[in-house]
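>>> Okay, here's the prediction I keep looking at, along with the sequence it came from:
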Amino acid sequence: MRSSIVRHQATHCLPKIAILFFSWLVLFHVLGPAQVVPAADLLLLHGRIYTSNPAEPWVEAIAIAGDKIMALGSDQELAAYRTRKTMVIDLAGRMAMPGLIDSHTHFVAGSEGLAWVNLEQATTSQEVQECIHAYSVAHPKLAWVRGSGWLYGIFPPTGLPTKRLLDEAVPDRPAAIVSYDMHSLWVNTRAMALAHITRETPDVVVNGIVVGTIVRDSTTGEATGLFKEAAMGLIERVIPDPPREDELATLRSGMEEANRLGLTAIVNATGDLHEMELYDELNKRGELTLRTTTAFAHEAIPHRLTPQELQSFEEGRRRFHDDWVRAGLIKFFADGVVESHSAAMLEPYADDPYLRGSTSYTPDEFQKFVTELDRRGFQIMTHAIGDRAVRMTLDVYETAEKQNGARDRRFRIEHIETINPSDIPRFGQLGVIASVMPYHLCLGGCPNEGGVWASNLGPARLRSAFAWRDLLASGAHLAFGSDWPVASLNPLLGIQTAVTRQDLNGKPQEGWNSQQKLTLDQALAGYTRDAAFASFFDQRIGSLEAGKLADLIVLSQNLFEVPALKISETKVQLTIVGGRIVWRGGI
């Protein structure tokens, strides 16, 4: 009797259990993730968060777990991710955005330069001498006096510095001071003696092309102390390498500066296996706070694709391919710079009808090298400043694609200071990335104010110089960089210049070649989503989206609400890389 009662009760309860279970399923479906989401490690609330994701450009809050973004939305929507262990930051209406990406730096040189004498503000030869001498006196234990930032055109009578001036500033030690554009090296007599430079020392010639010039006295033939392009290597090879721990300390200083300015990733436009190994060591120590992509390149050594060089390229790609240290990028120098007449132009320079500059490779050998590296699957970036160098590079890229077949290449051309208007549409047609440095527009004053750059080019070519908007309109991706230490590492200077086409004093009033101004969203894309695309990193960084790496910054003012000429006054108050706070100031 008892057993039958139990069976009856159990049978009678079944419908109730089914109803309760069904009700629970309905509640789970309705409430869903709010009841089962994992806890956020970091929650940013009450913000104006620009995502650089056109599908969802603005949100109020962002939740982070580990090194990735969990969710974005309103404060209310993300409240469920908060627990007692969650670190909460109240943005109080501040603007946040993806971490900024510098697509073109020389990071070791820039980091070293933080400890060198900086000549960016010296506008006369006397000021240059005084700065160098003061630095030399203040650092008596340095074996070499190093510096950077001197400007062309300020040294009478030729506009270029000489060893005599540097001998007077540094009489007791070798000294080597690089120009602001890193394409000329100025040294004193002691440095030349260590490098065994004499009147008979030849220029650097590769396959019949002069790729490095020793500037000489027109009367005596003696070297004046200035070495251009690949000739810089004649001096650099005798400068001793610093101890490894000093190299790591130098990079820590550079990373701190980058994080302070809101940078979370950079591309090194010159580097080698040794540099990648330094970043890798910092990463293994848990000290790397900047994502790095390093191109194989050296200003003073043109690529020859020897078996040893190819082996190095392959080794880099095999060893370094994570989210922190990445290889696989090869850089060429197609020409030099306008200021020293080494940029390759289609027509003669305006100030010297006998000069057109020269390319660093013949078209045939450049084609051979690029086609082979493309066949092996490497990404190629090419320095091309003169309009002839730009055209040659486009021709070579187009032929390489025809020979090797279709694939996602993302070929890049760096700088593009001058371009023939007929070549602009080819960027979009060929899918070539235009990697440019906005702040270069006003280095030493905007071009309409004259200066060596503008006078060398002449007015006809100035009309199509720095043609950012036209390149973008062609369908090309624009990736922005600084070229640090050629120019300031601060990306906010580049953003402001891109939208104003003015110098920091607001000149010219309407902007130089104002038809090439960009919108703020276009400029920000150049430092975020398009910069990530240029490095095959767009699935991981460059926009704030669920599942992507948590790289973001918080700003002191909303860039969309302040006058354009105030953008550069913005301070970065928080920098987060991979979910970790690496810089904080003011929040």
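All right, it came through fine.
>>> tell me the domain boundaries of the protein?
1-31, 32-93+545-587, 106-236, 334-518 (automatic domain parsing).
>>> Save the ones you listed as JSON lines, and put in mean pLDDT, mean neighbour count and distance to residue 321 too.
Every residue, glycine included, has its C-beta placed from N, CA and C. Listed next are these as JSON lines, based on pLDDT from 0 to 100; neighbours: other C-beta atoms under 10 Å; distance: least, C-beta to C-beta, whole Å:
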{"stretch": "domain 1-31", "mean pLDDT": "41", "mean neighbour count": "9", "distance to residue 321": "41"}
{"stretch": "domain 32-93+545-587", "mean pLDDT": "95", "mean neighbour count": "18", "distance to residue 321": "15"}
{"stretch": "domain 106-236", "mean pLDDT": "93", "mean neighbour count": "18", "distance to residue 321": "19"}
{"stretch": "domain 334-518", "mean pLDDT": "95", "mean neighbour count": "20", "distance to residue 321": "12"}
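>>> can you list the residues that contact the helix or strand containing residue 279?
Using DSSP states H and E, residue 279 falls within helix 273-284. Contact with helix 273-284 is made by 108, 244, 247-248, 251-252, 255, 268, 288, 292, 294, 312, 315-316, 319-320, 324-325, 327, as judged by C-beta atoms under 8 Å, 6 or more residues apart in numbering.
>>> Tell me the strands beside the helix or strand just after that helix, with direction?
Following helix 273-284 in sequence order, the next helix or strand is strand 291-296 (DSSP H and E). Strand 291-296 sits in its sheet next to strand 263-268 (parallel), strand 325-333 (parallel), going by DSSP bridges.
>>> Tell me which of these lies nearest to residue 476.
Residue 476 lies closest to strand 263-268 among the strands paired with strand 291-296, at 17.2 Å (C-beta to C-beta).
>>> outside of that closest one, which residues touch it?
Residues contacting strand 263-268 (C-beta under 8 Å, 6+ apart): 98-108, 258, 275, 290-295, 329, 481, 489, 491, 531-532, 534-535, 537, 541, 551-553, 575-577.
>>> what's the angle between it and helix 273-284?
160 degrees (axes from the mean of the first three to the mean of the last three C-alpha atoms, to 10 degrees).
>>> Mind listing what's buried along strand 263-268?
Under the neighbour-count criterion of 16 or more other C-beta atoms under 10 Å, strand 263-268 has 263, 264, 265, 266, 267, 268 buried.
>>> what's the farthest-apart pair in those residues?
264 and 268 (14.8 Å).
>>> Keeping just the C-alphas, turn the helix holding residue 279 into PDB.
Extracted C-alpha coordinates of helix 273-284, given in PDB (Å, rounded to 0.1, in the frame of the first residue of the first chain):
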ATOM      1  CA  LEU A 273      67.000  39.800 -35.800                       C
ATOM      2  CA  HIS A 274      68.900  41.400 -32.900                       C
ATOM      3  CA  GLU A 275      66.300  44.100 -32.400                       C
ATOM      4  CA  MET A 276      63.500  41.500 -32.500                       C
ATOM      5  CA  GLU A 277      65.400  39.400 -29.900                       C
ATOM      6  CA  LEU A 278      65.500  42.400 -27.600                       C
ATOM      7  CA  TYR A 279      61.800  42.900 -27.700                       C
ATOM      8  CA  ASP A 280      61.300  39.100 -27.200                       C
ATOM      9  CA  GLU A 281      63.500  39.200 -24.100                       C
ATOM     10  CA  LEU A 282      61.500  42.100 -22.700                       C
ATOM     11  CA  ASN A 283      58.300  40.100 -23.500                       C
ATOM     12  CA  LYS A 284      59.600  37.000 -21.700                       C
END
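>>> Pull out the buried positions in that helix.
Quick answer for helix 273-284 (16+ other C-beta under 10 Å): 273, 275, 276, 277, 278, 279, 280, 281, 282, 283.
>>> Give me the distance between the residue nearest to residue 516 when sequence neighbours are not counted and residue 457.
Nearest residue to residue 516, sequence neighbours excluded (C-beta to C-beta, 6 or more residues apart in numbering): residue 469, at 4.5 Å. Here the distance between residue 469 and residue 457 works out to 19 Å (C-beta to C-beta, to the nearest Å).
>>> can you check residue 207 too?
28 Å.
>>> same check, this time on residue 66
Distance from residue 66 to residue 457, by C-beta to C-beta: 51 Å.
>>> next one: residue 158
For residue 158, the distance to residue 457 equals 19 Å [C-beta to C-beta].
>>> could the buried residues of helix 273-284 go into a markdown table alongside pLDDT?
Output for the buried residues of helix 273-284, formatted as a markdown table (pLDDT from 0 to 100):
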| residue | pLDDT |
| --- | --- |
| 273 | 97 |
| 275 | 97 |
| 276 | 98 |
| 277 | 98 |
| 278 | 98 |
| 279 | 98 |
| 280 | 98 |
| 281 | 98 |
| 282 | 98 |
| 283 | 98 |
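>>> can you pull out the strands in the stretch 1-150 of the chain?
42-45, 48-50, 58-59, 61-65, 68-73, 87-90, 95-98, 100-105, 117-118, 145-150 (DSSP state E, counting those that start in this stretch).
>>> Minimum distance to residue 511: which of those strands has it?
strand 100-105 (22.8 Å).
>>> Please put the alpha-carbon coordinates of that closest one into PDB.
The C-alpha coordinates for strand 100-105 follow below in PDB (Å, rounded to 0.1, in the frame of the first residue of the first chain):
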ATOM      1  CA  LEU A 100      47.000  54.300 -31.300                       C
ATOM      2  CA  ILE A 101      49.300  52.500 -33.800                       C
ATOM      3  CA  ASP A 102      52.400  54.200 -35.200                       C
ATOM      4  CA  SER A 103      52.900  52.600 -38.600                       C
ATOM      5  CA  HIS A 104      56.400  53.900 -39.200                       C
ATOM      6  CA  THR A 105      59.100  54.400 -36.600                       C
END
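>>> returning to what we had before: dump the strands of the stretch 1-150 of the chain into JSON lines; add distance to residue 358 as well.
Converted to JSON lines, those look like this (distance: least, C-beta to C-beta, whole Å):
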{"stretch": "strand 42-45", "distance to residue 358": "52"}
{"stretch": "strand 48-50", "distance to residue 358": "44"}
{"stretch": "strand 58-59", "distance to residue 358": "49"}
{"stretch": "strand 61-65", "distance to residue 358": "51"}
{"stretch": "strand 68-73", "distance to residue 358": "48"}
{"stretch": "strand 87-90", "distance to residue 358": "54"}
{"stretch": "strand 95-98", "distance to residue 358": "40"}
{"stretch": "strand 100-105", "distance to residue 358": "23"}
{"stretch": "strand 117-118", "distance to residue 358": "31"}
{"stretch": "strand 145-150", "distance to residue 358": "24"}
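>>> Endpoints of stretch 184-191, how far apart?
One end of stretch 184-191 sits 15 Å from the other (C-alpha to C-alpha, to the nearest Å).
>>> ugh, wrong one, I meant stretch 411-424
Span of stretch 411-424 from end to end, C-alpha to C-alpha: 15 Å.
>>> how much distance is there from it to the middle of the chain?
In terms of C-alpha atoms, centre = their mean, to the nearest Å, the centre of stretch 411-424 is found 18 Å from the chain centre.
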